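Asker: coordinates only, no sequence provided:
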RNA sequence: GCGGGUGUGGCGAAAUGGUAGACGCGAGGGACUCAAACUCCCUUUCCGCAAGGAGUGUCGGUUCGAGUCCGACCACCCGCACCA
């Protein structure tokens, strides 16, 4: 064989790796460990380019660390519970279990040809009873530890399909299948007490040095710590038991700008009024139709209803404010009631304008105050002049004024300073079949009773159908009926299952001992935790990563993880999406028709119809801008797919898939293979100084590529490999020097294109498998240059350059610069105003 | 609406506050070939014949020097608690 043929090479090396069991993670106390984890996939049935990119990046890290002498854990599993399986069962028939396991088998078959360094012996799916049974055991421990409780919460209810809808299933306030107007309903549901950990989860973010700053910022904002004042309004004309309304404010300094009090439609007072006043009932019902997502509430038009009730201003009892029920007040945040200060909050300003309420400025700009045409909301750190202040200086910052206002209110018995968090408890109940059953029983005598651990796993029944609306567990003839684990009386099993975020909140821990008969194995967790490098999409920046951080703490508390694993992910990397152009034509009615990239050549369909090209967007089935990795691997090989996914774009940014880019990647790999082949056949030049130059280039390459991989700059590593290859191809080095150089190139490329690297390694007489070869080390002596080129700037613009010895002192450089003809011409005999010499970098002459 | 991010040639991009455009794609020219494919070599930010000038989303600022730092704005992307 004398040409690069991935279809021959790739299966051969995968077999070799498998036979040598090189990817099996070994608990070896003598060696340092390294745990690389990519976010596990949902088994949709097809892998996509996003998977290829994600898993290739993880594979580069895993293989590189392996070469550096670490005992590497690089596992793979399946986030296998969730709605799509039930939707498939409803739409196409069949069983979610069959659908899911068939998808897993398909995806595993598609993934394996990529040649990932995965320890497949640790594979599991979250829908395996062996996995979710252990999750149930932890649920019981966490329930026992007071980390889980029940309370009433709201869900989206589809009155036609008689089912609970996910937020994504609510489109413009209507159910996605039925089209019926969605209502809010209350159900008693299970919750994790994540909010007990608010301050800890917030403060521990500072320790996550190897997480992206943006993710830590997003989490900090999500947790949302605020300092404020809680106080009570005394009511006038309110029903009995509602003589006070507790409110929370982060701006107590604006108390004298209050013009109304607003309560949530779910506030107890609103609920009370709803039962007696049809107008309130109608308004509250309208509010509930907005849905449960914060996004929908925030985007909805701000509306309120005057209840007729009044409250007394706490600083002036002669001053009454109206009480509104307002659709934008969240019951979950603070006390579910606020006072509105229209002058200094845009939403309150809009509300006051709409309902004709007074707008009184509390403070104005310290300089050049302007009349209010919109809310005046300066930074809290900016000093302003208080015209209706009641505590602190007349001119002070918002921060100082808030502190002074809280102190004043505490001294005068008006209220107290409190710390509040935006983070709400994590509702884990789902009214669905395809999830982990919550292991409790409802007994008429004993109430809610935890299942006994020896009865776990509580398995999902297989004999269910999806031809009727609602949760099949609710109407299962026998599964739901059981006996009380405490008194033995007839009882009902809990039919809610767990949020799939629970499944993904501890899978990383399970990988350390996937077959253990307890959730984790202490010795294995001690050795392998924490995850040294976690890789996944930025879309998981908040929920999945925050829930996992909480769950690890809950596992520590219940003895399932060592204390060191409270923060489970030491380093996090968030990779960008894979995008592609969109090809579109229009049908007779003018509606868009999308076309697969493989059906488009040179901007035309097979029949010659030109297509409209829409700029790249995230690959999605609906826009048909998808490229199937299976086809790419079949046509070009896995190494080409891997190489292209790593080249061009920085890993954290989106990468555009282009057919020409894939071809170029393939051509380049063929070129490297050819150069290696020629070298193996004895090709070589004169040698001599060329040998030394090539050796120097190789060591520079080792240095640069190693640093690029360490820094997650795979695109730069690829660029350096190109450079090195160009140098190699042009070199006049002897065959011996070329052989040595090419072996090192094989090692440097091995994490990225492992099959090709093995082939080259063997071709050039490398010992054993390149995957087992230790990472090459750059010789520092070969990295230094004797001469440096210094650009000369005149007034900041580059006007020339000089070459000087590397260690020339400043005075020498200055003299050389002043002697430069271009500089002399500009100076025209005069002395420069300033001469800036940055050693080894640049010279700037200011004239 | 709120929170976070991104923006540099025809395209993907590179650049510890120090030569803007490394490397690759595409395009153009050439060599090889009967011809083509493959391969190899050269050119390629824009304006300009050139000298030279302009240029990193827009506007302003700090600095000897700004793609990089600061402020305002625009566009797009991610998240918003039951998609995973």
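Answerer: Yes, it's here. Owing to the predicted nature of the structure, the values given are computational and were not obtained by experimental measurement.
Asker: how about the residue of the stretch 451-600 of chain A found nearest RNA strand B, secondary structure?
Answerer: Residue of the stretch 451-600 of chain A nearest RNA strand B, by C-beta to the nearest atom of the strand: residue A:539 (3.7 Å). To be clear about C-beta, it is placed using only N, CA and C from the backbone, and glycine gets the same treatment. Following DSSP: H, G, I helix; E, B strand; the rest coil, the label given to residue A:539 is helix.
Asker: check contacts around it.
Answerer: Shown in contact with residue A:539 (C-beta atoms under 8 Å, 6 or more residues apart in numbering): no residues.
Asker: can you check residue A:816 too?
Answerer: Residue A:816 neighbours (C-beta under 8 Å, 6+ apart): A:802, A:804, A:808.
Asker: how about 7 Å then?
Answerer: By C-beta atoms under 7 Å, 6 or more residues apart in numbering, the contact set of residue A:816 is A:802, A:804.
Asker: mind checking how far it is from RNA strand B?
Answerer: The gap separating residue A:816 from RNA strand B is 16 Å, by C-beta to the nearest atom of the strand, to the nearest Å.
Asker: now that residue, what's its secondary structure?
Answerer: Strictly by three-state DSSP, residue A:816 counts as helix.
Asker: just the helices in the stretch 701-847 of chain A please.
Answerer: Taking DSSP state H, counting those that start in this stretch, the helices of the stretch 701-847 of chain A run over residues A:714-730, A:735-749, A:754-763, A:810-818, A:821-827.
Asker: tell me how far the last one lies from the chain's centre.
Answerer: Yep, that's helix A:821-827 we're talking about. Remark: helix A:821-827 is offset 55 Å from the chain centroid, using C-alpha atoms, centre = their mean, to the nearest Å.
Asker: for that helix, buried residues please.
Answerer: A:823, A:826 (16 or more other C-beta atoms under 10 Å).
Asker: point to the helix or strand of chain A where mean pLDDT is at its lowest.
Answerer: strand A:612-618 (a mean of 69; mean pLDDT, DSSP states H and E).
Asker: closest to residue A:470 out of the helices of the stretch 701-847 of chain A?
Answerer: With C-beta to C-beta, the closest approach to residue A:470 among the helices of the stretch 701-847 of chain A belongs to helix A:714-730: 48.2 Å.
Asker: and that closest one, what's buried?
Answerer: A:714, A:715, A:716, A:717, A:718, A:719, A:720, A:721, A:724, A:725, A:727, A:728.
Asker: the third one reaches residue A:707, doesn't it?
Answerer: It refers to residue A:716. No - judged on C-beta atoms under 7 Å, residue A:716 makes no contact with residue A:707 at a distance of 8.6 Å.
Asker: in the sheet, who's paired with residue A:571?
Answerer: residue A:210 (DSSP bridges).
Asker: return the member of the helices of the stretch 701-847 of chain A having the minimum mean pLDDT.
Answerer: Note on the helices of the stretch 701-847 of chain A: helix A:821-827 shows the lowest mean pLDDT, a mean of 76.
Asker: who touches it?
Answerer: In contact with helix A:821-827 (C-beta under 7 Å, 6+ apart) are residues A:792, A:794, A:799, A:800, A:817, A:845, A:847.
Asker: ok, now how distant is residue A:467 from residue A:597?
Answerer: 38 Å (C-beta to C-beta, to the nearest Å).
Asker: residue A:786 now?
Answerer: 51 Å.
Asker: between those two, tell me which one has more neighbours.
Answerer: residue A:597 (20 against 7; other C-beta atoms under 10 Å).
Asker: ranges for the helices of the stretch 301-450 of chain A?
Answerer: A:346-355, A:398-411.
Asker: quick one: closest of those to RNA strand B.
Answerer: With C-beta to the nearest atom of the strand as the yardstick, what comes closest out of these is helix A:346-355 (6.6 Å).
Asker: that closest one packs against which elements?
Answerer: Applying 3 or more C-beta pairs under 7 Å, 6 or more residues apart in numbering; DSSP states H and E, we find helix A:346-355 packed against strand A:337-340.
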